[in-house]
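Undergrad: For reference, the sequence and a predicted model appear below.
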Amino acid sequence: GDSVTQTEGPVTVSESESLIINCTYSATSIAYPNLFWYVRYPGEGLQLLLKVITAGQKGSSRGFEATYNKETTSFHLQKASVQESDSAVYYCALGGASSSFSKLVFGQGTSLSVVP
Amino acid sequence: ETAVFQTPNYHVTQVGNEVSFNCKQTLGHDTMYWYKQDSKKLLKIMFSYNNKQLIVNETVPRRFSPQSSDKAHLNLRIKSVEPEDSAVYLCASSYGTGGGETLYFGSGTRLTVL
């Protein structure tokens, strides 16, 4: 079936250091996957961070970037310099082709703590 | 700014009881969802409705039943809860049904079954 695997947490990073959270996917029933990063900040609901629906494209938001790599079936989340406010749980997700009824398949989530 | 509202935030009950969770969205979206987040933090879809019509029904026990009165409301009823139903239930909505849609989530309902 379709699945998403991401970096096991928790992850602790010092402020101003770089970050990468790995995400790989398997889309056995989806011909043209769409890829997402969702984030849950403390005390808030799950919300979209960024999405990319075309292979080879890069999405960015709040200083985070992720490139949709169809060859390696990856969608790693990166940030050059993290801040304490980036502390949250990050979820990579896989969706079906835009023209079809579909559902999101989520990874297990990666808890990130940014320390001073 | 919250636009998907879930009630209650928490619910504690005993095995065999019936529970109902409510969800309302004020975004004018056509599609609503119920997701379950288990103790391992795994998020899995349970149901999806588009304009009050059920379009996604994953393999969930029959004691779970969604109810939609209009496209802005999607409730979830669980008849005779079991211990494994303890989880966080997340409601979400989206404008359409395509795989590229952005989902907007509520804050969740945490169910504890004793």
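TA: Yep, it's here.

Undergrad: which residues sit in contact with B:T13?
TA: Taking Cβ atoms under 8 Å, 6 or more residues apart in numbering or on different chains, we find B:T13 in contact with B:V19, B:V81, B:L111, B:T112, B:V113, B:L114. The way it works is simple: take the backbone N, C-alpha and C, and place the C-beta from them, glycine included.

Undergrad: Verify the stated contact: the fourth one with B:Q14.
TA: No - B:T112 is not in contact with B:Q14 according to Cβ atoms under 8 Å; the separation is 10.0 Å.

Undergrad: Strands along chain B, start to end?
TA: In chain B, the strands defined using DSSP state E lie at B:4-7, B:10-13, B:19-25, B:31-37, B:43-50, B:53-57, B:64-70, B:73-78, B:87-94, B:104-105, B:109-113.

Undergrad: and the worst-scoring helix or strand of chain A on mean pLDDT with chain B, contact?
TA: None of the helices or strands of chain A scores lower by mean pLDDT, DSSP states H and E than strand A:105-106, at a mean of 92. Yes - interface with chain B: strand A:105-106 contributes A:F106 (Cβ under 8 Å from any Cβ of the partner chain).

Undergrad: Of B:T112 and B:Q14, which one has the most company?
TA: Between B:T112 and B:Q14, counting by other Cβ atoms under 10 Å in any protein chain shown, B:T112 is the more crowded of the two (14 against 10).

Undergrad: what's the more buried one in contact with, if anything?
TA: B:Y10, B:H11, B:V12, B:T13, B:S86.

Undergrad: go on, B:D85?
TA: Neighbour list for B:D85: B:I78, B:L111, B:V113 [criterion: Cβ under 8 Å, 6+ apart].

Undergrad: Look up the pLDDT of the last one for me, please.
TA: Meaning B:V113. B:V113 is assigned 97 on the pLDDT scale.

Undergrad: ok so, going back, can I have the buried ones of the contacts of B:T112 as a PyMOL selection?
TA: To isolate the buried subset of these in PyMOL, counting by 16 or more other Cβ atoms under 10 Å in any protein chain shown, use the following:
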select buried, chain B and resi 11+13+86
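
Undergrad: pLDDT below threshold where in the chain?
TA: Using chain A. Filtered on pLDDT under 70, chain A yields the residue ranges A:97-102.

Undergrad: Switch to chain B, please.
TA: B:1.

Undergrad: quick one: the least confident helix or strand of chain A to chain centroid distance?
TA: Counting by Cα atoms, centre = their mean, to the nearest Å, strand A:105-106 is centred 10 Å from the centre of its parent chain.

Undergrad: Give me the neighbour count for the closest residue to chain A within chain B.
TA: Here chain B gets closest to chain A at one residue, B:G99, 3.2 Å apart by Cβ to the nearest Cβ. By the criterion of other Cβ under 10 Å, B:G99 has 22 neighbours.

Undergrad: Distance-wise, check it relative to A:A31.
TA: Look at B:G99 and A:A31: by Cβ to Cβ, to the nearest Å, they are 10 Å apart.

Undergrad: who touches the nearest residue to B:M46 once chain neighbours are set aside in this structure?
TA: Spatial nearest neighbour of B:M46, excluding adjacent residues (Cβ to Cβ, 6 or more residues apart in numbering or on different chains): B:W34 at 4.5 Å. In this structure, B:W34 makes contact with B:C23, B:I45, B:M46, B:F47, B:S48, B:P66, B:L74, B:L76, B:Y89, B:L90, B:C91, B:A92, judged by Cβ under 8 Å, 6+ apart.

Undergrad: Alright, that wraps it up for me.
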